[in-house]
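> Give me the fold of what follows.
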Amino acid sequence: MAWVTPTTRATGYLVTAATWNQDAVDNPSFLKGLAGAITLQDAVQSDTDDVDDIGTGALRWRNGFFMRLLRGTRQVLQLWDNVDADMTTTSQQVSAAVTGAGAGVASDGNGQITLLIDRAQVGTARVEQLAETNGLDNAWTIARHPALVIPFGLGTGGISEERIFIGFRATAGSSAIPGTAENQAGLHWDGTNWFCRVSDGATATSGANFTPNVGWNVLQIVIRSATRVEFFVNGVSRGNLTTTLPTGTLIWHILHTSVGGGAGNRYLTAGEVDVQEQPA
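Residues are numbered from 1 along each chain as shown. Sure thing, here's the model as predicted:
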């Protein structure tokens, strides 16, 4: 059976069994795939039942993160396995530091970096962009509409003894989670809840609480204008905040902190950092 292009029927045309079967039975059967042809209806579909629609048996649709296309005019891309062991290579525009016992920062050689804390002790591990060096422009101001994309992962969900910040902030070199009195736009774990927050250096506004995936996630922060910051986690909007937005120059910053009182190590793993300036 093959597709047969229907002819135009004039008024008064006698519909025979042959023409009826061709137009109304055989051609729809061909499109449906009942005759062994490619099944258009089943070949492309949404993954509502979480099964392997592609047929590879390896990956599923839900493992893809679909986000807006960023048309950047300038880009900073940080691959962690290109950083020297001391994590202070100025040509890489990145710095890392730890405070307290049991904390550490290390590249795993696969384009990822781990920020280790010991839940039994007070300590922090951080990594952030350096100030401008080697003529490279790091001034991420609101006027440049910066967009930040960072994959991050935890072995399990957030733990009560740890604190996490990933995003833009004003204070370089800080080992304290940015509070409401610091210009910022980032993802927070406060020991109880995950949420996105912005602050103008005096007052903060937070989005609704949510739960990221156990394992890998992708955070996207887009400062669209002086009146709107958009947050996405795994392609899902986590708020368009329009008040108390940050001003001045911001840097990207990842901070993993332990307040003590627990037991065991915790690893926050981050993938490559992608920052782009967006058109106005």
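
> any idea how far residue 277 lies from residue 28?
Counting by C-beta to C-beta, to the nearest Å, the gap between residue 277 and residue 28 amounts to 51 Å. Every residue, glycine included, has its C-beta placed from N, CA and C.

> Ignore what I typed, I meant residue 184.
In this view, residue 184 and residue 28 are 58 Å apart by C-beta to C-beta.

> Between those two, tell me which one has more neighbours.
A count of neighbours by other C-beta atoms under 10 Å puts residue 184 above the other of residue 184 and residue 28, at 26 against 10.

> For residue 250, which residues are in contact?
Residues touching residue 250, when contacts are defined by C-beta atoms under 8 Å, 6 or more residues apart in numbering, comprise 140, 141, 146, 168, 169, 170, 183, 184, 185.

> how close does it get to residue 19?
Applying C-beta to C-beta, the value for residue 250 to residue 19 is 69 Å.

> what's the answer for residue 125, then?
For residue 125, the distance to residue 19 equals 75 Å [C-beta to C-beta].

> These two - which one has more neighbours?
Comparing residue 125 with residue 19 by neighbour count (other C-beta under 10 Å), the higher total belongs to residue 125, at 28 against 15.

> Based on its surroundings, how many neighbours for the closest residue to that one other than its chain neighbours?
Excluding the flanking residues, the one nearest residue 125 by C-beta to C-beta, 6 or more residues apart in numbering is residue 115, at 3.9 Å. Neighbourhood size, residue 115 [other C-beta under 10 Å]: 25.

> so who does residue 115 touch?
With contacts defined as C-beta under 8 Å, 6+ apart, the neighbours of residue 115 are 103-105, 125-127, 254-256, 267-270.

> What subset of the residues you listed is buried?
Of all the contacts of residue 115 considered here, the ones buried according to neighbour count by 16 or more other C-beta atoms under 10 Å are 103, 105, 125, 126, 127, 254, 255, 256, 267, 268, 269, 270.

> Which residue is the nearest non-sequential neighbour of the second one?
Going back to what we said before, that points to residue 105. Setting aside the residues directly before and after it, residue 105 is nearest to residue 96 in space (C-beta to C-beta, 6+ apart), at 4.1 Å.

> What does the pLDDT read for that neighbour?
Residue 96 carries a pLDDT score of 85 in this model.

> next one: residue 89
47.

> One more: residue 122?
Residue 122 is assigned a predicted lDDT (pLDDT) of 96.

> and whichever helix in the chain runs longest, how far out from the chain's middle?
When the chain is scanned for its longest helix (criterion: DSSP state H), the result is helix 27-32. Averaged C-alpha coordinates place helix 27-32 at 41 Å from its chain's average position (C-alpha atoms, centre = their mean, to the nearest Å).

> elements contacting that helix?
Judged by 3 or more C-beta pairs under 8 Å, 6 or more residues apart in numbering; DSSP states H and E, the packing partners of helix 27-32 are helix 40-43.
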